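*Asks:* output the structure for:
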Amino acid sequence: GLQEVSPSQFKYLITALAPDYVSVGVGRDGSGGEASPVFVRAADFEVRRAKTLWISKTPKTPGSRHPGAICPRVLTCVELGVWNGGGVFFFNTHLDHQGLKEQDPDFRIQREQAEVVAQLTDQFCGMSSLPRIIAGDLNSGSEAGAPSAFKYAGYDDASSGDPRPTFCGFDGLGSEVTWA
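*Replies:* Predicted structure coming up:
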């Protein structure tokens, strides 16, 4: 899964990675704009079904926003089949950056968006017992905001507590914002 993919980057990646990879996802305004697509290696997985939902009170409305968020944000949902008969659900997102400059220690918007994402993943998966993976730029600290909401919803942190930065900021300092 990728985040902050511009329309020109998305178009380039689709062409450059075909036919080995298929893409899933749309821009956050519904037809274009920044996207959080998933690229699936066709030799390893089949896309059983996929959809893009907006992290808002109206998740099927393109361009809709969570209350207090600066930008529309999407959740790209994919059910993948493994050629040996198994499967997995994969979700990719990029949560809002509202409150980061104010150093909101609770990361309230990101926590609320993560709660919405957890509900949307439950709806997409239904009663299936297949494994679920949520990945993305959560714009949160490790102990507040989205990670704590996902832990509360029953998800494990795949980083195994590794504190190394996942965002470089191009200044060498870095911070933890990207999670699986």
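*Asks:* and the spatially closest residue to D96 that is not a sequence neighbour, how many neighbours?
*Replies:* Counting by CB to CB, 6 or more residues apart in numbering, D96 lies nearest to A69, which is 4.1 Å off, once chain neighbours are set aside. C-beta coordinates here come from the backbone N, C-alpha and C atoms, glycine included. Residues lying near A69 (other CB atoms under 10 Å) number 20.
*Asks:* check A16 too.
*Replies:* 9.
*Asks:* mind checking the SS state of it?
*Replies:* helix (DSSP: H, G, I helix; E, B strand; the rest coil).
*Asks:* what about it, distance to A158?
*Replies:* To A158, A16 is 27 Å away according to CB to CB, to the nearest Å.
*Asks:* so E34 sits right up against S6, yeah?
*Replies:* Yes. Contact criterion CB atoms under 8 Å: E34 and S6 qualify, at 6.3 Å.
*Asks:* the more surrounded of these two?
*Replies:* Neighbours per residue, other CB under 10 Å: of E34 and S6, the larger number sits with E34, 19 against 13.
*Asks:* dihedrals phi and psi, the residue in the chain sticking out farthest from the centre?
*Replies:* Distance from the C-alpha centroid of the chain, by CA atoms, centre = their mean, peaks at N84 (26.1 Å). Backbone torsions for N84, taken as degrees, to the nearest 10, come to phi -90, psi 0.
*Asks:* for the nearest residue to G30 once chain neighbours are set aside, what are its contacts?
*Replies:* Nearest residue to G30, sequence neighbours excluded (CB to CB, 6+ apart): P62, at 2.5 Å. By CB atoms under 8 Å, 6 or more residues apart in numbering, the residues touching P62 are 26, 29-31, 54, 72.
*Asks:* name the surrounding residues that touch stretch 37-53.
*Replies:* With CB under 8 Å, 6+ apart as the contact definition, stretch 37-53 has outside contacts at 1-2, 5, 10, 13, 17, 19-26, 59-60, 74-83, 87, 90, 92, 120, 124.
*Asks:* buried among these? Make that a PyMOL selection.
*Replies:* To isolate the buried ones among the contacts of stretch 37-53 in PyMOL, judged by 16 or more other CB atoms under 10 Å, type:
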select buried, resi 1+2+5+10+13+21+22+23+24+25+26+59+74+75+76+77+78+79+80+90+92+120+124
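*Asks:* return the subset of the contacts of stretch 37-53 lying in helices.
*Replies:* Counted as lying in helices by DSSP state H, out of the contacts of stretch 37-53, are 10, 13, 17, 120, 124.
*Asks:* now the residue nearest to the first one when sequence neighbours are not counted: how far from F89?
*Replies:* Just to be clear, that refers to F10. Nearest non-adjacent residue to F10, counting by CB to CB, 6+ apart: A35, 5.3 Å away. To F89, A35 is 19 Å away according to CB to CB.
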